[in-house]
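K.L.:
Turn this into a structure:
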Amino acid sequence: MPRSSPPPKPAPAPRPARRKLPPTDGAAARNEGPGDIEERIYRSVFEGVTSQRLAPGTKLPEASLCDLFGVSRALVRKVLQRLAHDHIVELRPNRGAIVAMPSPEETRQIFEARRALEAALVRMAVRNATRAEIAELRRHLKEEHAAMHRYAQPEWARLASTFHLRVAKLARNPILERYLTELMSRCSLIVALYEPPGNASCEHGEHADVVDAIARGDADEAVRLMEEHLVVLEKNIALDRPASQRSLGQMLGLG
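P.N.:
Below you'll find the model as predicted:
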């Protein structure tokens, strides 16, 4: 009797696909163009400062940044020069870069200039604002209010800052508006560096009072309210934050 053939062997189960690990910073840098990686380094330092992970005076050694991002020293120097131009860092001859440390006197001068400039812009805004533009400001206040109650601090801070620029736009003076934009950038950095955590950079109710005065056409009251608002903002700043004990990578959110 012929011997029966053995049953066929079952086909081997397919091997699971190997999961790709996320690239390291060095690998990511190799896959990005020079402009992309430059912007990524800039945003990492900028957001580290504005989120208060990087304290004033924190050293930013070129060699450490090269290692963290897997890039050349020339590219790191280019980013640091951009950050210095924007007053985010200070470049010290023969000692390297540090996170900017605005002095109390410089802080006072910046806020003094901003109060004077916003007083002029608010007065012009009262003269020029239309009903439709005032309605748009009120819609902006609703967005602020919603972000505040969601505890969305970054969005709230962005909206609060944008409010001042929206009022400035109503002045119909692009030159003064441009000056305010530069001062706002420097003030935002100072607030991010020195304001105690948990404080609101701008109070929503104070913004609403300013808009009410603009809507009534009361220029003197609108200017007075904006002045008080900016004085309170300056008083909330504390110029004595302690140095961080974390590594540069941890402060940049990379480790």
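
K.L.:
count of neighbours near Gly205?
P.N.:
Neighbour count of Gly205, defined by other CB atoms under 10 Å: 10. C-beta: built from backbone N, CA, C; applies to glycine.

K.L.:
swap in Ile37?
P.N.:
Using other CB under 10 Å, Ile37 is surrounded by 21 other residues.

K.L.:
Now do the most centrally placed residue in the chain against Ala157, distance only.
P.N.:
Taking CA atoms, centre = their mean, the centroid of the chain lies closest to Thr50, which sits 4.9 Å from it. Counting by CB to CB, to the nearest Å, the separation of Thr50 from Ala157 is 8 Å.

K.L.:
Same check on Glu106?
P.N.:
Taking CB to CB, one finds Glu106 at 22 Å from Ala157.

K.L.:
likewise Gly96?
P.N.:
On the measure of CB to CB, Gly96 and Ala157 end up 29 Å apart.

K.L.:
Contact partners for His164?
P.N.:
Contacts of His164 were listed using CB atoms under 8 Å, 6 or more residues apart in numbering, and they are 118, 180, 184, 202.

K.L.:
taking the residues you listed one by one, which sit in helices?
P.N.:
Counting by DSSP state H, those place 118, 180, 184 in helices.

K.L.:
I'd assumed Ala116 was in contact with the second one.
P.N.:
No - counting by CB atoms under 8 Å, Ala116 is not a contact partner of Leu180; they are 10.7 Å apart.

K.L.:
Which helix or strand lies directly C-terminal to the worst-scoring helix or strand of the chain on mean pLDDT?
P.N.:
Across the helices and strands of the chain, mean confidence by mean pLDDT, DSSP states H and E is lowest for helix 25-31: a mean of 47. Heading C-terminal from helix 25-31, the first helix or strand you meet, by DSSP states H and E, is helix 34-50.

K.L.:
would you list every one of the strands in the chain?
P.N.:
Using DSSP state E, the strands found in the chain span residues 59-60, 89-92, 96-99.

K.L.:
what pLDDT, on average, does the second one get?
P.N.:
Read it as strand 89-92. The average pLDDT for strand 89-92 rounds to 95.

K.L.:
Please apply the same query to the shortest one.
P.N.:
The predicted model assigns strand 59-60 a mean pLDDT of 95.

K.L.:
Pro56 touches Pro104, doesn't it?
P.N.:
No - using CB under 8 Å, Pro56 makes no contact with Pro104, being 11.9 Å away.

K.L.:
how about the CA coordinates for stretch 43-55, as CSV?
P.N.:
The C-alpha trace of stretch 43-55 is given here as CSV (Å, rounded to 0.1, in the frame of the first residue of the first chain):
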residue,chain,number,x,y,z
ARG,A,43,11.8,78.6,17.8
SER,A,44,13.2,76.2,20.5
VAL,A,45,15.2,79.0,22.1
PHE,A,46,12.5,81.6,21.7
GLU,A,47,9.7,79.4,23.1
GLY,A,48,12.1,78.2,25.9
VAL,A,49,12.4,81.9,27.0
THR,A,50,8.7,82.9,26.6
SER,A,51,7.5,79.8,28.4
GLN,A,52,10.0,80.6,31.3
ARG,A,53,12.0,77.4,30.9
LEU,A,54,15.1,79.5,30.1
ALA,A,55,15.8,82.0,32.8
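
K.L.:
Just the buried residues of it, please?
P.N.:
Buried residues in stretch 43-55, counted by 16 or more other CB atoms under 10 Å: 44-46, 48-50, 52-55.

K.L.:
just stretch 207-214 next, same as before
P.N.:
Per 16+ other CB under 10 Å, stretch 207-214 contains these buried residues: 207-211, 213-214.

K.L.:
and those residues as JSON lines, adding distance to Val76?
P.N.:
Output for the buried residues of stretch 207-214, formatted as JSON lines (distance: CB to CB, whole Å):
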{"residue": "His207", "distance to Val76": "39"}
{"residue": "Ala208", "distance to Val76": "44"}
{"residue": "Asp209", "distance to Val76": "46"}
{"residue": "Val210", "distance to Val76": "43"}
{"residue": "Val211", "distance to Val76": "44"}
{"residue": "Ala213", "distance to Val76": "48"}
{"residue": "Ile214", "distance to Val76": "46"}
